[in-house]
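Enquirer: Predicted structure and sequence below. I'll ask about it afterward.
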Amino acid sequence: MKITVVGAGAVGASCAEYIAIKDFASEVVILDIKEGYAEGKAMDLMQTASLMGFDTKITGSTNDYAKTADSHIAVITSGIPRKPGMTREELIGINAGIVKTVSSNLLEHSPNVIIIVVSNPMDTMTYLVHKTTGIPKNRIIGMGGALDSARFKYRLAEAMEAPISDIDGMVIGGHSDTGMVPLTSHATRNSIRVSEFLSEERLQQVSDDTKVGGATLTKLLGTSAWYAPGAAVSSMVQAIACDQKKMFPCSTMLDGEYGLKDICIGVPVILGKDGIEKIIDIPLSDAEKAKMKESADGVSKTNGLLEL
Ligand SMILES: NC(=O)c1ccc[n+]([C@@H]2O[C@H](COP(=O)([O-])OP(=O)(O)OC[C@H]3O[C@@H](n4cnc5c(N)ncnc54)[C@H](O)[C@@H]3O)[C@@H](O)[C@H]2O)c1
């Protein structure tokens, strides 16, 4: 199983590292436009192999897509991240051009590749890959909800002073500060609804902190986060590579599900060897439906900025 990660920056390198450490792929190719950068990251990571106990071969490439040929899965992390005070939507101008070129180059050398889009604004970049490549929708997956759900679980565990492994919960909707829809009514601690443990006000605080999870880290770090994004991508890659049929909220092209059409936005899906194998259309409360609609309106507005 060969996996390509485009962008050897913070998220790309972290994602390649987690994939290698989990040891399910035969090869990870990291590609970047910056001369020697991907080769350097690949060599550094390979020198952790004997220490961390993995056999995955990691190679680097400076913009040579021939080295990515016959990849099963490709992750697109190339593009600029936001700085403190910026929204993800402000990145569209530069990142749209990069994502379009990168996806076309990937498909030239790996026509059957499954593409995971990470670059922001992610839902719109996922939509762009649909509109510009024309490949089947099961092979285009946006990563946002897996990360946002991990941040939601972190905040719930913190509020309940509980171990994170006790918590289950999901965030759907757009991957933006205002678009995320944390499903507080469905979240549980060992199958008991979290509302049994937390007041409505505290749950609202958890939800608000989750939505600005990325912005909080960007303020602290001076750039956007990479460990949790890398880990989220690696879990999705593993689910596809190992045909795990696991459920993640992912950005996918909707065709009537959740009352939405011609939009890529986060909803629960099953990930297996064919990429998105099923979209899970769960019933939402009226309040959640309204939030989802508002979120979709925001994503559509950003999609409208694309020059297709
Ligand atoms: N979807 C999510 O949940 C999520 C989470 C975190 C970050 N992000 C996004 O991921 C992207 C990457 O973030 P980062 O922190 O790794 O940034 P970074 O600046 O550390 O790395 C980006 C890399 O992309 C490379 N690059 C630029 N143009 C390229 C091209 N045409 N071909 C190949 N490589 C190219 C750069 O040289 C750089 O090394 C940003 O857009 C960020 O907003 C998304």
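Expert: Arrived safely, thanks for sending. Remember, predicted model here, so these are calculated numbers, not experimental data. Numbering: from 1, shown residues only.
Enquirer: Could you pull up the contacting residues of whichever residue of the chain sits closest to the ligand?
Expert: Using CB to the nearest ligand atom, the point where the chain gets nearest to the ligand is Gly9, with a distance of 1.7 Å. C-beta coordinates here come from the backbone N, C-alpha and C atoms, glycine included. The contact partners of Gly9, taken as CB atoms under 8 Å, 6 or more residues apart in numbering, are Asp32, Thr77, Ser78, Pro81, Trp226.
Enquirer: Now, the residues you listed that are in strands?
Expert: Asp32 (DSSP state E).
Enquirer: restrict the contacts of Gly9 to contacts with the ligand.
Expert: Asp32, Thr77, Ser78, Pro81, Trp226 (CB under 6 Å from any ligand atom).
Enquirer: neighbours of Asn190, just the number please.
Expert: With neighbours defined by other CB atoms under 10 Å, the count for Asn190 comes to 9.
Enquirer: List phi and psi for the spatially closest residue to Asn120 that is not a sequence neighbour.
Expert: Among residues not flanking Asn120 along the chain, Arg88 sits closest, at 4.0 Å (CB to CB, 6 or more residues apart in numbering). Main-chain torsions, Arg88, degrees, to the nearest 10: phi -60, psi -30.
Enquirer: pretty sure His109 is touching Ala69, no?
Expert: Yes. If you go by CB atoms under 8 Å, His109 and Ala69 touch, sitting 4.3 Å apart.
Enquirer: coming back round to it: compare the contacts of Gly9 and tell me which is most surrounded.
Expert: Neighbour max across the contacts of Gly9 (other CB under 10 Å) = Thr77, 30 neighbours.
Enquirer: So between His109 and Ala69, which is more surrounded?
Expert: Taking other CB under 10 Å, His109 and Ala69 do not tie; His109 has more neighbours (17 against 14).
Enquirer: Could you report the pLDDT at Glu89?
Expert: We have a pLDDT of 85 for Glu89.
Enquirer: what residues does this protein put near the ligand?
Expert: 6-12, 31-34, 37, 77-82, 91, 95, 98, 101-102, 118-120, 122, 143-144, 147, 175, 223-226, 229.
Enquirer: before we move on, back to that, and of the ones next to the ligand among the contacts of Gly9, the nearest to Leu254?
Expert: Relative to Leu254, the closest of the ones next to the ligand among the contacts of Gly9 is Thr77; by CB to CB it sits at 24.0 Å.
Enquirer: The closest one touches Val6, doesn't it?
Expert: Yes. Using CB under 8 Å, Thr77 makes contact with Val6 at a distance of 6.5 Å.
Enquirer: what about Met52, how many neighbours?
Expert: When neighbours are counted by other CB under 10 Å, Met52 comes out with 11.
Enquirer: Assign a three-state SS to the nearest residue in space to it that is not next to it in sequence, would you?
Expert: Nearest non-adjacent residue to Met52, counting by CB to CB, 6+ apart: Ile21, 5.5 Å away. State at Ile21, reduced to three classes by DSSP: H, G, I helix; E, B strand; the rest coil: helix.
Enquirer: pretty sure Pro84 is touching Gly222, no?
Expert: Yes. Between Pro84 and Gly222 there is a contact at 6.5 Å, judged by CB under 8 Å.
Enquirer: For the helix or strand harbouring Ala290, give the mean pLDDT please.
Expert: Here Ala290 is covered by helix 286-303, with elements defined by DSSP states H and E. Averaged across helix 286-303, pLDDT comes to 96.
Enquirer: Output the contacting helices and strands for it.
Expert: Secondary-structure packing of helix 286-303 (3 or more CB pairs under 8 Å, 6 or more residues apart in numbering; DSSP states H and E): helix 122-133, strand 171-173, strand 180-182, strand 261-272.
Enquirer: Make JSON lines from these and add mean neighbour count and mean pLDDT to it.
Expert: Formatted as JSON lines, the helices and strands packed on helix 286-303 follow (neighbours: other CB atoms under 10 Å; pLDDT from 0 to 100):
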{"stretch": "helix 122-133", "mean neighbour count": "25", "mean pLDDT": "98"}
{"stretch": "strand 171-173", "mean neighbour count": "29", "mean pLDDT": "98"}
{"stretch": "strand 180-182", "mean neighbour count": "28", "mean pLDDT": "98"}
{"stretch": "strand 261-272", "mean neighbour count": "22", "mean pLDDT": "98"}
